[in-house]
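Novice: Generate a structure from the sequence data that follows.
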Amino acid sequence: MFPVEKLNSIQTPFYYYDKALLQQTLDAINAEAGKYEGYKVHYAVKANVDPALLGIVNASGLGCDCVSGGEVERCLMSGFAPSKIVFAGVGKADWEINLALDANIACFNVESEPELEVIDALAGVKGKMANVALRVNPNVDAHTHKYITTGLSENKFGISMEMLDEVVDKALELRNINLIGLHFHIGSQLLEFEPFEMLCSRINDLQDRFEARGVTFKTINVGGGLGVDYVNPDENPIPDFATFFATYNKYFKLRPGQELHFELGRAVVCQCGSLISRVLYVKKGLNKQFVILDAGMSDLIRPALYQAHHKIENITSTSAETETYDVVGPICESSDCFGTDEVLPVTKRGDLVALRSAGAYGQIMASNYNCRKIPASVVL
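Specialist: Below you'll find the predicted structure:
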């Protein structure tokens, strides 16, 4: 899988992206979503904003979902049409809203009544109408890590269903707001489809209730959330998009002429990326051996932040024998650990190690902690 000879000549650590796998993933998304009328897919760019990857995603025809003004700027620079850009985020600053208004983006996903009022005021100054979808917390438990569960009723994100009628009424009153839809996102790294079924049921009930009031929505945005296989990335390099979209087709009642929008991030780019690191030392302790890499939590924070595990592979060892190691980084933190009791081929100083499934929330979350450099990216 890895072009070892080429990678061995590059200074580590760096992120390696498999362009062919990314294209296969995008082709699968388009093929499965294309089976259903009115389905529109946006790439959640917070997963990875590498310019080379954004160019490939844009060429595939996906829109983009942004959560900051910087992401809006990056997508515009990468050639995404403003009509395919949606802008979410619980704390949009005035400059970010003005940037999006000036660019004439497709829609703001609004998360509170105060935000709605600010967008209305800023749009009024410019003499513009802002397309808005209200982000709703449907109180669906996604059964995922508490840091990436976002759809419960009391949450910093979105509007609770109990408060929704009031905010809808407000949106309909404001002169510079065009309420076009509802937006949902229940969490990330979902490997079961039952939460998506529950979400469909909640949205169906909400739409029935609002239609009884004479309120209809042009768009429904159900966010993303589809997980990937971190354990067996080679066996399952492309997520189960067929079941994902089929679930919505089966359980969601799409109204005539209505669009159903999706915001997939991790599922798009995760498996095409790996963090490539070099072994600095193999340290023998009293009862353990430690493989000390030149990559650390500043390069890939998910294990320290989420207790996540990435498959670890020695991609240059030729040994047929294996040994057990704790694989750690050089950062002065005990949490700078990628894996304990990892069974690897006999490993020595200078070997290349790949931390797999790192295309999402890897490079984009890297920091300069310990005054370390942000890792470069290589696309082959």
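Novice: Give the next helix or strand downstream of the longest helix belonging to the chain.
Specialist: What stands out as the longest helix in the chain, according to DSSP state H, is helix 194-212. Moving toward the C-terminus from helix 194-212, the next helix or strand (DSSP states H and E) is strand 219-221.
Novice: tell me the angle the following helix or strand past that following strand makes with helix 194-212.
Specialist: Later in the chain than strand 219-221, the nearest helix or strand by DSSP H and E is helix 241-251. In terms of direction (axes from the mean of the first three to the mean of the last three CA atoms, to 10 degrees), helix 241-251 departs from helix 194-212 by 40 degrees.
Novice: list the buried ones in helix 241-251?
Specialist: Residues 241, 244-245, 247-249, 251 are the ones in helix 241-251 that count as buried (16 or more other CB atoms under 10 Å). Glycine gets a C-beta too; all of them are placed from N, C-alpha and C.
Novice: Most widely separated two among those?
Specialist: Within those, Phe241 and Tyr251 form the most distant pair, 16.2 Å apart (CB to CB).
Novice: just to revisit the earlier point, so which elements touch the longest helix of the chain?
Specialist: Contacts defined by 3 or more CB pairs under 8 Å, 6 or more residues apart in numbering; DSSP states H and E place helix 194-212 against helix 161-173, helix 241-251.
Novice: Could you say which one of the ones you listed comes nearest to Ser357?
Specialist: Nearest to Ser357, of all these, is helix 241-251, at 16.7 Å by CB to CB.
Novice: got the contact list for the helix or strand just after the closest one?
Specialist: Remark: after helix 241-251, the chain's next helix or strand is strand 259-264, criterion DSSP H and E. By CB atoms under 8 Å, 6 or more residues apart in numbering, the surrounding residues in contact with strand 259-264 are 29, 33, 36, 38-44, 65, 86, 88, 181, 185, 218-224, 226, 245, 248, 252, 254.
Novice: Same check on stretch 21-34?
Specialist: Residues outside stretch 21-34 that contact it (CB under 8 Å, 6+ apart) are 39-41, 53, 56-57, 60-62, 237-239, 241-242, 244-246, 262, 264, 267-269, 271-272, 359.
Novice: now stretch 114-127
Specialist: Contacts to stretch 114-127, defined as CB under 8 Å, 6+ apart, come from residues 92, 94, 97-98, 101-102, 108, 110, 129-130, 132, 134, 167, 170-171, 174-177.
Novice: I am finished for the moment; much appreciated.
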